[in-house]
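Chemist: Coordinates for the following, if possible.
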Amino acid sequence: MQLAHNVFFKLKDQSPARVDELVAACKKYLNVQPGIVFFAAGKVCKELNRDVNDLDWDVGLHLIFKDKASHDSYQDDPTHIKFIEEQKHNWAKVRVFDSLV
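Modeler: Predicted coordinates:
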């Protein structure tokens, strides 16, 4: 089975420039690892403001890996680690949702 890895970042500095910076960093560092079959990163869509929409985040990262082993390798990949080191100072909250799909 494939593994969906969804990460939602709430930023300390939620300015448009900092949101764009995190999206760009996701695109630079987090779509180069082997085993990724789908990658997307983007800003919250605040216009979808229904009772069921959770809007308590700024940037969403969406990855699908060919299998759990690929996901596990991604976690230790140097580019993933570099992304965390460069960006974590602006994270107020990070939520991760993983599912087999």
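Chemist: average pLDDT across stretch 22-37?
Modeler: Computed over stretch 22-37, the mean pLDDT rounds to 97.
Chemist: Please identify the buried residues of that stretch?
Modeler: By neighbour count on 16 or more other C-beta atoms under 10 Å, the buried set for stretch 22-37 is Leu22, Val23, Ala25, Cys26, Tyr29, Leu30, Gln33, Gly35, Ile36. For the C-beta atoms, the positions are set from N, CA and C on the backbone; glycine is no exception.
Chemist: Check stretch 71-90 too.
Modeler: Of all the residues in stretch 71-90, those buried under the rule 16+ other C-beta under 10 Å are His71, Tyr74, His80, Phe83, Gln87, Asn90.
Chemist: Lys27 versus the residue nearest the centre of the chain, what's the distance?
Modeler: Nearest to the geometric centre of the chain sits Leu61, at 2.5 Å (C-alpha atoms, centre = their mean). Computed as C-beta to C-beta, to the nearest Å, the Leu61 to Lys27 distance reads 10 Å.
Chemist: Common neighbours of these two, please.
Modeler: By C-beta atoms under 8 Å, 6 or more residues apart in numbering, Leu61 and Lys27 have these common neighbours: Ala41.
Chemist: Ala41 against Lys28, yeah?
Modeler: No - using C-beta atoms under 8 Å, Ala41 is not in contact with Lys28, being 10.0 Å away.
Chemist: what do these two both touch?
Modeler: Counting by C-beta under 8 Å, 6+ apart, nothing touches both Ala41 and Lys28.
Chemist: Tell me the helices and strands packed up against whichever strand or helix holds Ala69.
Modeler: For Ala69, the enclosing helix or strand under DSSP states H and E is helix 68-76. With contacts taken as 3 or more C-beta pairs under 8 Å, 6 or more residues apart in numbering; DSSP states H and E, helix 68-76 sits against strand 3-11, strand 59-65.
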